[in-house]
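Peer 1: Build me a model:
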Amino acid sequence: MATNQLSPKFFACSQSTELAEEIAKIYGAELGNVKTTHFSDGEFQPAFEESVRGRRVFLIGSTFPSADNLMEMLLMCDAAKRASARHITAVMPYFGWARQDRKDKPRVAIGAKLVAKLLEAAGATRIMTMDLHADQIQGFFEKPVDHLYASTIFLPYVKSLQLTNLTVASPDMGGSKRAYAYSKYLESEVVICYKQRLKANVISHMELIGNVEGKNVILVDDMIDTGGTLTKAADLMMERGAKSVRAICTHPILSGNAYERIQNSKLTELIVSDTIPLKRQVSKIKVVSCAALFADVMKKVQDNTSISDQFLM
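Peer 2: The predicted structure is shown next:
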């Protein structure tokens with residue numbers, strides 16, 4: 001009976017139900033029942049339909065826009081805290097607002113820090129996420145953060161393609177560290193795109209640092225939003241003589257006309273994870289599931305064992 005009381009419970013935020021079901025299935029558990037009451041003005045209230053007293057609870061939900069997704073996670077954390085859960089792990093495969101990780105101009109918020117404080121105030125005792133936009137966001141928390149790397153799931157897929165003359169590329173200077181980590185594992189060269197922006201999501205100029213002639217290129221980034229950077233980089237590389245260009249992006253935000261842009265681009269393939277559900281399927285997008293990775297790490301967190309074997313980067 002005591003063992004049963006200490007076994008974890010899994011709950012899904014509404015935007016991540018499919019991923020949460022797959023994680024729970026791989027773990028060997030079932031999702032708990034959450035009932036959400038909606039009010040006519042748009043307000044909502046999630047409620048656990050079963051006891052969580054004394055349990056570790058895993059609350060699974062990516063916090064991509066709209067803000068309701070973040071609010072749902074906060075409300076579920078608060079509900080679990082007030083229901084006397086022993087540990088509350090906010091499992092956020094995609095950590096929203098991560099691009100606001102610093103004050104890069106006057107009179108702006110540091111959104112990622114604010115989200116961290118909100119989660120802690122709501123009752124989260126541990127955070128689990130994957131491929132943060134900036135590693136230093138871990139330092140915004142006073143609670144433990146399990147920061148997983150999608151390289152664990154992507155690199156085996158890339159190796160299965162058996163590409164020759166492989167080169168890893170970063171679409172901007174900020175992603176060079178990630179590109180070098182992939183290249184070390186794949187034993188390949190690295191090229192970097194240098195870009196200048198007029199404003200958010202609008203690129204004014206891009207240059208390529210390195211040689212891609214005759215190469216099969218793998219562009220690596222943590223997220224894809226409008227797809228402008230990646231498609232422009234792919235065009236540039238094909239113009240410079242690349243044999244093929246593929247892209248790996250952990251979080252498929254894919255806003256605006258991103259789906260059309262990807263489908264009509266010179267990219268051979270866009271490889272993404274399922275941290276954010278696709279709005280629709282297009283032939284150039286390949287989804288590699290992160291469910292097994294999260295399930296394994298959750299098991300090790302529950303058993304208090306090391307998770308270091310999950311880090312390929």
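
Peer 1: ok, now how distant is the residue nearest to residue 33 when sequence neighbours are not counted from residue 9?
Peer 2: Spatial nearest neighbour of residue 33, excluding adjacent residues (Cβ to Cβ, 6 or more residues apart in numbering): residue 49 at 4.0 Å. From N, CA and C alone the C-beta is placed, and that goes for glycine too. Separation of residue 49 from residue 9 (Cβ to Cβ, to the nearest Å): 11 Å.

Peer 1: So for these two, which sits in the more crowded spot?
Peer 2: Shown here are residue 49 and residue 9; by other Cβ atoms under 10 Å, residue 9 has more neighbours (20 against 9).

Peer 1: quick one on the thing from earlier: next, show the common contact partners of residue 49 and residue 9.
Peer 2: residue 32 (Cβ atoms under 8 Å, 6 or more residues apart in numbering).

Peer 1: can you give me the strands in the stretch 101-250 of the chain?
Peer 2: Secondary structure of the stretch 101-250 of the chain by DSSP state E, counting those that start in this stretch: the strands cover 126-130, 145-148, 166-170, 189-199, 202-209, 216-224, 244-252.

Peer 1: give me every residue that touches the residue nearest to residue 33.
Peer 2: Applying Cβ under 8 Å, 6+ apart, the residues near residue 49 are 32, 33, 34, 35.

Peer 1: ok, and the most crowded of those residues?
Peer 2: In terms of neighbours by other Cβ under 10 Å, these top out with residue 32 at 21 neighbours.

Peer 1: surely that residue meets residue 50?
Peer 2: Yes - at 5.6 Å, residue 32 and residue 50 qualify as touching, with contact defined as Cβ atoms under 8 Å.

Peer 1: Overlap in contacts, the two.
Peer 2: In contact with both residue 32 and residue 50: residue 9, using Cβ under 8 Å, 6+ apart.

Peer 1: contacts for stretch 253-271?
Peer 2: Taking Cβ under 8 Å, 6+ apart as the rule, stretch 253-271 contacts 64, 154, 157-158, 223-228, 230-231, 234-235, 238, 244-249, 252, 276, 278-280, 282-286, 288.

Peer 1: 7 Å instead?
Peer 2: Identification of contacts with stretch 253-271 by Cβ atoms under 7 Å, 6 or more residues apart in numbering yields 64, 154, 157, 223-227, 230-231, 234-235, 238, 244-249, 276, 279-280, 282, 284-286, 288.

Peer 1: any idea which helix or strand of the protein has the worst average confidence?
Peer 2: When each helix and strand of the chain is scored by mean pLDDT, DSSP states H and E, helix 2-6 comes last, with a mean of 50.

Peer 1: average model confidence for the following helix or strand past that helix?
Peer 2: As assigned by DSSP states H and E, the chain's next helix or strand after helix 2-6 is strand 9-12. Averaging pLDDT along strand 9-12 yields 98.

Peer 1: follow-up on the earlier one: so of the contacts of stretch 253-271, which ones are in helices?
Peer 2: Judged by DSSP state H, helices contain the following of the contacts of stretch 253-271: 154, 157, 230, 231, 234, 235, 238.

Peer 1: Of the residues you listed, which count as buried by neighbour count?
Peer 2: With neighbours counted by 16 or more other Cβ atoms under 10 Å, the ones in helices among the contacts of stretch 253-271 contain buried members at 154, 230, 231, 234, 238.

Peer 1: Take these and write them to a markdown table, including pLDDT.
Peer 2: Shown next, in a markdown table, are these (pLDDT from 0 to 100):
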| residue | pLDDT |
| --- | --- |
| 154 | 97 |
| 230 | 92 |
| 231 | 93 |
| 234 | 93 |
| 238 | 95 |
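
Peer 1: Could you find the closest non-adjacent residue to the residue nearest in space to the middle of the chain?
Peer 2: Centroid-nearest residue in the chain, with Cα atoms, centre = their mean: residue 94, separated by 3.5 Å. Closest residue to residue 94 apart from its sequence neighbours, by Cβ to Cβ, 6+ apart: residue 62 at 3.8 Å.

Peer 1: how about that neighbour, what does it touch?
Peer 2: 15, 16, 69, 92, 93, 94, 275, 276.

Peer 1: Just the buried subset of those, please.
Peer 2: The neighbour-count criterion (16+ other Cβ under 10 Å) marks 15, 16, 69, 92, 93, 94, 275, 276 among the contacts of residue 62 as buried.
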